[in-house]
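S.K.: Curious how this folds, go ahead:
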Amino acid sequence: MDDLYIIPRHLDDPPSLFFWQADTVMLVVVFFVLGTLLGVPLASTLLGIVAARYWSRIRESGTRGILTALLYWYGPIWLTDRPPSHVREYTG
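M.R.: Sure thing, here's the model as predicted:
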């Protein structure tokens, strides 16, 4: 009777390609494409692998939404055109 239903065990897992997470793979792919357009695909792919390794370390040590937080504090100036970070409640 238990064989009739398959219960997935990993519903909340992030999207992945083989055993890499999708954002890490996309980082390497973006570096490869930019390097190919600039004429240095090998160097940029190696740089992409190093960047992906550091990104995975940052992602594993951080909390949910770490990319948004990094863009808020260190990103371009147009991304910081938001309310101050110390405001916790807003009145409508």
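S.K.: Does Trp55 touch Leu27 like I think?
M.R.: Yes - counting by C-beta atoms under 8 Å, Trp55 does reach Leu27; the two are 5.8 Å apart. To be clear about C-beta, it is placed using only N, CA and C from the backbone, and glycine gets the same treatment.
S.K.: mind listing the strands in this structure by residue range?
M.R.: 16-17, 20-21 (DSSP state E).
S.K.: Would you check how far apart the residue sitting nearest the centre point of the chain and Ser61 are?
M.R.: Taking C-alpha atoms, centre = their mean, the centroid of the chain lies closest to Asp23, which sits 4.3 Å from it. Computed as C-beta to C-beta, to the nearest Å, the Asp23 to Ser61 distance reads 15 Å.
S.K.: most neighbours per residue, which of the strands of the chain?
M.R.: When you average the neighbours per residue for each of the strands of the chain (mean count of other C-beta atoms under 10 Å), strand 20-21 leads with a mean of 15.
S.K.: The lowest-mean-pLDDT helix or strand in the chain pairs with which strands?
M.R.: In the chain, the helix or strand scored least confidently by mean pLDDT, DSSP states H and E is strand 16-17, which has a mean of 74. Applying DSSP bridges, strand 16-17 is found paired with strand 20-21 (antiparallel).
S.K.: Can you pull out the low-pLDDT segments for this protein?
M.R.: For the chain, the stretches with pLDDT under 70 are 1-2, 8, 77-83, 91-92.
S.K.: Longest helix in it, by number of residues?
M.R.: Ranked by residue count under DSSP state H, the longest helix found in the chain is helix 41-61.
S.K.: For Ala43, see how far away Phe32 is.
M.R.: Between Phe32 and Ala43 the distance, using C-beta to C-beta, works out to 10 Å.
S.K.: swap that for Ile66, sorry
M.R.: On the measure of C-beta to C-beta, Ile66 and Ala43 end up 28 Å apart.
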